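K.L.:
Need coordinates for the following:
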Amino acid sequence: MCPECKEALVAFELEGIELDHCVNCKGIWLDAGELEMFLELSGQEPGGLTQALRDAKRGKKHSRRCPRCNRRLRIVFHDGEDGSATIELDECPLGHGLWFDHGEILALVRAYDKMESGEEVLVARFFTDLFRHTLKQDLDT
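P.N.:
Coordinates of the predicted model:
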């Protein structure tokens, strides 16, 4: 069930990684290890995003709930390398996964899509490729 709008999540596989997507609110749930699996398949070493998630032990609880265990997700803030981009993500306190709502996906793409390398750039480009049509419309507004 979607942490944001409570609709059913649609599972699909992309590049060997199963993603859970909400077609209603356009969010993405990544189960634990899927971000790392994506980076490994892409040949990218973990970077700032992975480190921010590891370091965030006492994030504020959100009203959203984990689709796996139903516990309240905790908010994790990721500051961009240049300090200009702060992106709020939601993580299961038991480590079941990570929720990117549509706004967080847009923020990640806006912050990193023009950069050349790094973990965040790879994730931003992944989301751009995955949602090319809907992100293009939203980025242009």
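K.L.:
Quick check: pLDDT value at A11.
P.N.:
In this model, A11 is scored at 92, pLDDT.
K.L.:
In a strand, L98, correct?
P.N.:
Yes. Counting by DSSP: H, G, I helix; E, B strand; the rest coil, L98 falls inside a strand.
K.L.:
The strand ranked longest in the chain: how far from the chain's middle?
P.N.:
Secondary structure assigned by DSSP state E gives strand 72-79 as the longest strand of the chain. Using CA atoms, centre = their mean, to the nearest Å, the mean C-alpha position of strand 72-79 is found 11 Å from that of the whole chain.
K.L.:
likewise stretch 88-103?
P.N.:
7 Å.
K.L.:
List the buried residues for that stretch?
P.N.:
The neighbour-count check on stretch 88-103 (16 or more other CB atoms under 10 Å) flags E88, L89, D90, E91, C92, H96, G97, L98, W99, F100, D101, H102 as buried. All C-beta spots, glycine's among them, are computed from the backbone N, C-alpha and C.
K.L.:
same deal with stretch 33-52?
P.N.:
Neighbour counts over stretch 33-52 (16+ other CB under 10 Å) mark E34, L35, M37, F38, L39, Q44, G47, L49, T50, A52 as buried.
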